[in-house]
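Visitor: build the 3D model from these lines:
(one chain, ligands or ions: 1)
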Amino acid sequence: VTATLVTGIGELVTNNPEIGDGSSLGVLHNAALVVEGDALAWIGPATRAPAVDARVDLHGRAVVPGFVDSHTHLVFAGDRAAEFAARMAGAPYDGGGIAATVAATRDVADDTLRKLLARRVAEMRAQGTTTVEIKSGYGLTVATEERALRLASEATPETTFLGAHVVPPGADRADYVAVVSGEMLAACAPHARWVDVFCEPASPHAFDADEARAVLEAGRAAGLGLRVHGNQLAPGPGVRLAVELGAASVDHCTYLAAADVDALAGGDTVATLLPGVEFSTRSPYPDARRLLDAGVTVALATDCNPGTSYTSSMPLVIALAVREMRMTPAEALWSATAGGALALRRTDVGVLARGQRADLTVLDAPSYVHLAYRPGVPIARAIPLSGPHHAHG
Ligand SMILES: [Zn+2]
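Guide: Numbering: from 1, shown residues only. The predicted model follows:
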């Protein structure tokens with residue numbers, strides 16, 4: 001295995017408080033690191049770097065852990081630009097447009113869908129994302145959900161069965177919940193690590209607490225970890241259900257009661273905020289400060305999907321979190337990396353340390369603060385330093 005010394009790192013964010021400046025970001029200045037294969041073999045001050053075969057000089061750029069985008073819906077065909085334009089002209093969002101993407105996605109061949117998915121994953125990598133979670137949910141039949149997860153599992157180990165995205169138009173609710181928890185789950189579980197449900201009683205298309213519980217408990221019995229879409233459109237039971245069932249993450253968390261914040265603070269479920277959704281639907285942002293001040297672990301993700309957040313950019317999400325949700329640049333970067341890793345219960349990503357994966361994102365900037373300070377400027381990219389694994393991420 002070739003060892004490569006990366007020097008000229010003006011600022012290195014490790015998310016390891018034991019090294020560097022002692023902050024939760026573990027920042028080192030004038031740093032270097034050694035990559036061997038997929039792993040970090042050494043990390044420290046440039047003046048103490050060991051001699052190795054190959055060298056890369058980053059000329060003072062900042063390096064951060066690769067972004068962990070823990071919530072996306074990348075397996076789809078078509079787009080909903082017309083719906084977006086209508087919404088910007090004043091039409092409300094209630095989850096009903098998902099049916100349009102379901103129809104477009106069912107319509108295309110496996111290979112078309114595979115190419116669309118690969119292009120989106122590459123687009124994310126080009127913006128610094130090295131770990132991505134991908135959900136199904138635009139099939140809503142046994143065969144099409146199985147296909148979505150099979151294709152997603154070619155791109156990432158973090159695959160999520162979201163048959164309970166919406167009740168298909170015309171379907172009987174109880175019958176559909178039974179299929180999702182039975183035959184569809186059985187077909188999808190071999191390709192999935194997680195099960196997720198859109199728990200939103202305020203939407204006629206989504207699922208109430210009893211329906212969500214049935215799907216999640218069936219998923220758990222099939223060996224899957226739990227995730228929940230909760231409290232996006234109105235106050236509701238999603239957050240408390242997620243904490244009660246020990247879900248790894250509850251995502252959106254836009255409308256929270258005091259009891260929801262208390263539950264999150266007392267449990268080990270991560271609150272994943274998706275400000276690209278509020279930006280793209282012109283809705284009120286979640287109260288990140290309230291969660292952080294209560295001691296809740298917060299992650300940030302794109303929710304990349306064609307209806308409510310068609311962005312693949314974690315730097316945009318970081319900028320929104322800072323500007324619109326009053327997270328500090330340090331909090332936002334931590335939540336987009338280490339926080340996302342916790343939301344996926346991963347300990348091998350989101351932190352840069354000896355022996356960990358060498359998932360590195362380099363910034364064309366001297367400091368991570370520029371991620372929020374220079375919104376819309378493409379300064380972040382994942383660097384392929386070693387073997388074929390890094391070509392795909
Ligand atoms: Zn989502």
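
Visitor: mind checking pLDDT for residue 365?
Guide: Residue 365 is assigned a predicted lDDT (pLDDT) of 98.

Visitor: which residues does it contact?
Guide: For residue 365, the contact set (CB atoms under 8 Å, 6 or more residues apart in numbering) comprises 61-62, 371, 374, 379. Heads up, the C-betas are built off the backbone N, CA and C, glycines and all.

Visitor: apply 7 Å and report the result again.
Guide: Residues near residue 365 by CB atoms under 7 Å, 6 or more residues apart in numbering: 61-62, 374, 379.

Visitor: strands of the stretch 151-300 of the chain, start to end?
Guide: With strands called from DSSP state E, counting those that start in this stretch, the stretch 151-300 of the chain shows them at 159-164, 194-199, 225-230, 249-252, 270-273, 298-300.

Visitor: show me what the third one packs onto, helices and strands only.
Guide: To tie it back to what came earlier, the one meant is strand 225-230. strand 194-199, helix 209-221, helix 238-244, strand 249-252 (3 or more CB pairs under 7 Å, 6 or more residues apart in numbering; DSSP states H and E).

Visitor: need the strands of the stretch 151-300 of the chain in a markdown table (columns: mean neighbour count, mean pLDDT and distance to residue 242).
Guide: Shown next, in a markdown table, are the strands of the stretch 151-300 of the chain (neighbours: other CB atoms under 10 Å; pLDDT from 0 to 100; distance: least, CB to CB, whole Å):
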| stretch | mean neighbour count | mean pLDDT | distance to residue 242 |
| --- | --- | --- | --- |
| strand 159-164 | 30 | 98 | 13 |
| strand 194-199 | 28 | 98 | 8 |
| strand 225-230 | 28 | 98 | 4 |
| strand 249-252 | 28 | 98 | 4 |
| strand 270-273 | 30 | 98 | 9 |
| strand 298-300 | 28 | 99 | 13 |
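
Visitor: could you point out which of those strands sits nearest residue 317?
Guide: strand 298-300 (5.2 Å; CB to CB).

Visitor: helices or strands next to that closest one in the packing?
Guide: Judged by 3+ CB pairs under 7 Å, 6+ apart, strand 298-300 is in contact with strand 270-273, helix 288-293, helix 314-325, helix 340-343.

Visitor: now stretch 342-355: buried residues?
Guide: Under the neighbour-count criterion of 16 or more other CB atoms under 10 Å, stretch 342-355 has 342-344, 346, 349-353 buried.

Visitor: just give me how far it sits from the chain centre.
Guide: Its chain's C-alpha centre and that of stretch 342-355 lie 14 Å apart, by CA atoms, centre = their mean, to the nearest Å.

Visitor: name the residue closest to the centre of this protein, please.
Guide: What sits nearest the mean C-alpha location of the chain, by CA atoms, centre = their mean, is residue 70, with 2.1 Å.

Visitor: quick one: that one from residue 12, how far?
Guide: Distance of residue 70 to residue 12, given as CB to CB, to the nearest Å: 23 Å.

Visitor: please apply the same query to residue 4.
Guide: For residue 4, the distance to residue 12 - CB to CB - is 15 Å.

Visitor: between those two, which one's more packed in?
Guide: For residue 4 versus residue 12, neighbours defined as other CB atoms under 10 Å are more numerous around residue 12 (29 against 19).

Visitor: got a list of what that one touches?
Guide: 27-28, 31, 63.

Visitor: now residue 264
Guide: By CB under 7 Å, 6+ apart, the contact set of residue 264 is 239, 243, 271, 291, 296.

Visitor: go again with 6 Å.
Guide: Shown in contact with residue 264 (CB atoms under 6 Å, 6 or more residues apart in numbering): 271, 296.

Visitor: name the nearest residue to residue 262, sequence neighbours excluded.
Guide: Spatial nearest neighbour of residue 262, excluding adjacent residues (CB to CB, 6 or more residues apart in numbering): residue 294 at 7.6 Å.

Visitor: returning to what we had before: contacting residues around the residue nearest to the centre of the chain?
Guide: 133, 299, 301, 340, 343-344.

Visitor: in the stretch 251-393 of the chain, what residue spans correspond to helices?
Guide: Taking DSSP state H, counting those that start in this stretch as the criterion, the stretch 251-393 of the chain carries its helices at 258-266, 275-281, 288-293, 314-325, 329-334, 340-343, 370-373, 389-392.

Visitor: show me which parts of the first one are buried, residue by residue.
Guide: Pointing back at helix 258-266 there. Neighbour-count burial for helix 258-266 flags 260-261, 263-264 (criterion: 16+ other CB under 10 Å).

Visitor: so how far is it from its chain's centroid?
Guide: Distance of helix 258-266 from the chain centroid (CA atoms, centre = their mean) equals 22 Å.

Visitor: by contact count, what packs against the longest helix belonging to the chain?
Guide: Counting residues, the longest helix found in the chain (DSSP state H) is helix 110-125. Using 3 or more CB pairs under 6 Å, 6 or more residues apart in numbering; DSSP states H and E as the contact test, the elements touching helix 110-125 are helix 142-155.

Visitor: same thing but 10 Å
Guide: Contacts defined by 3 or more CB pairs under 10 Å, 6 or more residues apart in numbering; DSSP states H and E place helix 110-125 against strand 67-69, helix 98-106, strand 129-132, strand 134-135, helix 142-155, strand 380-382, helix 389-392.

Visitor: can you give me the neighbour number for residue 233?
Guide: Residue 233 has 21 neighbours, counted by other CB under 10 Å.

Visitor: per-residue pLDDT, the residue nearest to it when sequence neighbours are not counted?
Guide: Among residues not flanking residue 233 along the chain, residue 202 sits closest, at 5.0 Å (CB to CB, 6+ apart). pLDDT, residue 202: 90.

Visitor: quick one, which of the helices of the stretch 251-393 of the chain is nearest to residue 78?
Guide: helix 275-281 (16.7 Å).

Visitor: would you mark the buried spots in that closest one?
Guide: 275-281.
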